[in-house]
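Engineer: Please work out how this folds:
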Amino acid sequence: MNKIVQQKELKGLGGWLVLFQIQIISSLAGAAQGIIVFSAMGMLLSSSLMSEMYYGAGFNPFEMWRILSSPIAIVVMAVILLFALLCVVFFYKKRKVFRVFFILGSAVNMAAAILYMSYVFNFMAEAFGTSGFSTTITTITLALSLLPSIGIMIAFIIALYKSQRVKNTFS
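Structural biologist: Here you go, the predicted model:
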(Lines give C-alpha, C1' and ligand atoms only; values in the text may rest on other atoms or scores of the structure.)
Protein backbone atom coordinates (compact mmCIF):
# COMPACT_ATOMS: atom_id res chain seq x y z
CA MET A 1 0.00 0.00 0.00
CA ASN A 2 1.36 3.35 -1.04
CA LYS A 3 1.13 5.98 1.57
CA ILE A 4 1.33 9.50 0.39
CA VAL A 5 3.33 11.41 2.90
CA GLN A 6 2.57 15.08 2.93
CA GLN A 7 5.38 17.22 4.09
CA LYS A 8 4.19 19.92 6.42
CA GLU A 9 5.06 23.33 5.07
CA LEU A 10 7.12 25.30 7.54
CA LYS A 11 5.25 28.53 8.05
CA GLY A 12 4.47 30.89 10.88
CA LEU A 13 6.30 32.70 13.64
CA GLY A 14 7.06 29.57 15.66
CA GLY A 15 10.11 27.37 15.61
CA TRP A 16 13.44 29.10 15.62
CA LEU A 17 11.79 32.44 14.71
CA VAL A 18 11.14 32.74 18.44
CA LEU A 19 14.80 33.79 18.67
CA PHE A 20 14.06 36.76 16.39
CA GLN A 21 11.11 37.69 18.56
CA ILE A 22 13.29 37.66 21.65
CA GLN A 23 15.98 39.70 19.87
CA ILE A 24 13.72 42.43 18.50
CA ILE A 25 11.66 42.80 21.69
CA SER A 26 14.80 42.98 23.85
CA SER A 27 16.23 45.60 21.44
CA LEU A 28 13.04 47.61 21.75
CA ALA A 29 13.09 47.42 25.55
CA GLY A 30 16.83 48.14 25.73
CA ALA A 31 16.61 51.20 23.50
CA ALA A 32 13.66 52.61 25.44
CA GLN A 33 15.47 51.99 28.72
CA GLY A 34 18.65 53.56 27.31
CA ILE A 35 16.87 56.76 26.34
CA ILE A 36 15.34 57.08 29.81
CA VAL A 37 18.55 56.25 31.71
CA PHE A 38 20.83 58.36 29.48
CA SER A 39 18.50 61.36 29.77
CA ALA A 40 18.37 60.98 33.55
CA MET A 41 22.18 60.72 33.71
CA GLY A 42 22.41 63.89 31.62
CA MET A 43 20.29 65.76 34.13
CA LEU A 44 22.33 64.38 37.02
CA LEU A 45 25.66 65.23 35.39
CA SER A 46 24.56 68.74 34.53
CA SER A 47 23.78 69.54 38.14
CA SER A 48 26.18 71.96 39.74
CA LEU A 49 26.56 69.68 42.77
CA MET A 50 28.15 66.96 40.65
CA SER A 51 30.56 69.43 39.05
CA GLU A 52 31.64 70.91 42.39
CA MET A 53 31.97 67.53 44.07
CA TYR A 54 34.79 66.35 41.80
CA TYR A 55 36.27 69.71 40.82
CA GLY A 56 39.30 69.46 43.07
CA ALA A 57 39.77 65.71 42.81
CA GLY A 58 41.21 65.82 39.29
CA PHE A 59 39.20 62.78 38.27
CA ASN A 60 35.44 62.47 37.90
CA PRO A 61 34.29 58.84 37.80
CA PHE A 62 31.03 59.96 36.21
CA GLU A 63 32.78 61.68 33.31
CA MET A 64 32.54 58.48 31.28
CA TRP A 65 28.74 58.77 31.42
CA ARG A 66 28.85 62.21 29.84
CA ILE A 67 29.06 60.72 26.34
CA LEU A 68 25.97 58.60 27.01
CA SER A 69 23.94 61.59 28.07
CA SER A 70 24.99 63.71 25.09
CA PRO A 71 22.36 64.66 22.53
CA ILE A 72 24.18 62.55 19.92
CA ALA A 73 23.87 59.42 22.10
CA ILE A 74 20.19 60.12 22.72
CA VAL A 75 19.61 60.48 18.95
CA VAL A 76 21.50 57.20 18.28
CA MET A 77 19.34 55.44 20.88
CA ALA A 78 16.22 56.95 19.29
CA VAL A 79 17.31 55.59 15.88
CA ILE A 80 17.90 52.15 17.44
CA LEU A 81 14.46 52.41 19.07
CA LEU A 82 12.88 53.35 15.73
CA PHE A 83 14.49 50.40 13.92
CA ALA A 84 13.45 48.03 16.73
CA LEU A 85 9.89 49.34 16.61
CA LEU A 86 9.75 48.94 12.82
CA CYS A 87 11.16 45.41 13.18
CA VAL A 88 8.43 44.50 15.67
CA VAL A 89 5.68 45.92 13.46
CA PHE A 90 6.87 44.30 10.23
CA PHE A 91 7.76 41.03 11.96
CA TYR A 92 4.26 40.53 13.32
CA LYS A 93 2.68 41.73 10.06
CA LYS A 94 4.87 39.11 8.35
CA ARG A 95 6.30 41.54 5.82
CA LYS A 96 9.49 40.77 3.93
CA VAL A 97 10.77 44.32 4.58
CA PHE A 98 11.36 43.15 8.17
CA ARG A 99 14.66 41.69 6.98
CA VAL A 100 15.93 45.06 5.78
CA PHE A 101 15.02 46.83 9.02
CA PHE A 102 16.54 44.03 11.08
CA ILE A 103 19.84 44.32 9.21
CA LEU A 104 19.89 48.13 9.40
CA GLY A 105 18.99 48.09 13.09
CA SER A 106 21.68 45.50 13.83
CA ALA A 107 24.27 47.54 11.93
CA VAL A 108 23.39 50.76 13.80
CA ASN A 109 23.43 48.89 17.10
CA MET A 110 26.83 47.35 16.33
CA ALA A 111 28.29 50.69 15.21
CA ALA A 112 27.04 52.34 18.40
CA ALA A 113 28.59 49.55 20.50
CA ILE A 114 31.94 49.91 18.72
CA LEU A 115 31.98 53.69 19.16
CA TYR A 116 30.98 53.47 22.81
CA MET A 117 33.53 50.78 23.65
CA SER A 118 36.25 52.75 21.85
CA TYR A 119 35.32 55.78 23.93
CA VAL A 120 35.42 53.75 27.15
CA PHE A 121 38.87 52.33 26.34
CA ASN A 122 40.20 55.78 25.45
CA PHE A 123 38.68 57.23 28.62
CA MET A 124 40.32 54.51 30.72
CA ALA A 125 43.66 55.09 29.01
CA GLU A 126 43.49 58.82 29.77
CA ALA A 127 42.19 58.36 33.31
CA PHE A 128 44.74 55.75 34.37
CA GLY A 129 47.62 56.78 32.19
CA THR A 130 48.59 55.29 28.87
CA SER A 131 51.18 52.99 30.44
CA GLY A 132 48.51 50.40 31.30
CA PHE A 133 46.78 50.47 27.95
CA SER A 134 48.35 49.99 24.59
CA THR A 135 46.61 50.50 21.29
CA THR A 136 47.15 46.88 20.31
CA ILE A 137 45.66 45.49 23.52
CA THR A 138 42.73 47.91 23.29
CA THR A 139 42.00 46.88 19.69
CA ILE A 140 42.26 43.16 20.50
CA THR A 141 40.02 43.55 23.55
CA LEU A 142 37.46 45.51 21.54
CA ALA A 143 37.46 42.93 18.74
CA LEU A 144 37.22 39.94 21.09
CA SER A 145 34.41 41.48 23.11
CA LEU A 146 32.35 42.16 19.99
CA LEU A 147 33.13 38.91 18.19
CA PRO A 148 30.23 36.88 19.70
CA SER A 149 27.73 39.64 18.91
CA ILE A 150 28.99 39.95 15.35
CA GLY A 151 28.86 36.17 14.89
CA ILE A 152 25.27 35.98 16.14
CA MET A 153 24.27 38.93 13.94
CA ILE A 154 25.79 37.26 10.86
CA ALA A 155 24.06 33.95 11.69
CA PHE A 156 20.72 35.74 12.01
CA ILE A 157 21.20 37.56 8.70
CA ILE A 158 22.12 34.34 6.88
CA ALA A 159 19.06 32.66 8.39
CA LEU A 160 16.85 35.52 7.19
CA TYR A 161 17.76 34.75 3.58
CA LYS A 162 18.30 30.98 3.63
CA SER A 163 15.55 29.67 5.90
CA GLN A 164 12.54 28.01 4.29
CA ARG A 165 10.36 29.07 7.23
CA VAL A 166 11.25 32.73 6.63
CA LYS A 167 10.57 32.41 2.91
CA ASN A 168 7.18 30.83 3.56
CA THR A 169 6.15 33.19 6.37
CA PHE A 170 7.18 36.63 5.18
CA SER A 171 5.58 37.98 2.02
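Engineer: Grab the nearest non-local neighbour of residue 98.
Structural biologist: In space, residue 98 comes closest to residue 90 once its chain neighbours are excluded; the distance is 3.9 Å by C-beta to C-beta, 6 or more residues apart in numbering. Just so you know, the C-beta spots here come from the backbone N, C-alpha and C atoms, and that holds for glycine as well.
Engineer: oh sorry, the question was meant for residue 97
Structural biologist: Closest to residue 97 by C-beta to C-beta, 6+ apart is residue 90, at 5.4 Å.
Engineer: which element is that neighbour on?
Structural biologist: Residue 90 is part of helix 71-92 when elements are defined by DSSP states H and E.
Engineer: Sort out which residues of that helix are buried, please.
Structural biologist: 73-74, 76-77, 79-81, 83-88, 90-91 (16 or more other C-beta atoms under 10 Å).
Engineer: Stretch 143-156 too?
Structural biologist: Buried residues in stretch 143-156 (16+ other C-beta under 10 Å): 153, 156.
Engineer: for stretch 158-171, same thing?
Structural biologist: For stretch 158-171, by 16+ other C-beta under 10 Å, it's 160, 163, 165, 166, 169, 170.
Engineer: now do stretch 11-23
Structural biologist: The neighbour-count check on stretch 11-23 (16+ other C-beta under 10 Å) flags 17, 20, 23 as buried.
Engineer: Geometric centre of the chain: which residue is closest?
Structural biologist: Residue closest to the average C-alpha location in the chain (C-alpha atoms, centre = their mean): residue 109, at 3.7 Å.
Engineer: ok, so what distance separates that one from residue 26?
Structural biologist: Applying C-beta to C-beta, to the nearest Å, the value for residue 109 to residue 26 is 11 Å.
Engineer: pretty sure residue 41 contacts residue 69?
Structural biologist: Yes: between residue 41 and residue 69 there is a contact under C-beta atoms under 8 Å: 4.5 Å.
Engineer: neighbour count winner among these two?
Structural biologist: Ranked by neighbour count (other C-beta atoms under 10 Å), residue 41 and residue 69 place residue 69 first, with 19 against 16.
Engineer: now the more buried one, nearest residue through space, not along the chain?
Structural biologist: Nearest residue to residue 69, sequence neighbours excluded (C-beta to C-beta, 6+ apart): residue 42, at 3.1 Å.
Engineer: for that neighbour, what are its contacts?
Structural biologist: 69, 70, 74 (C-beta atoms under 8 Å, 6 or more residues apart in numbering).
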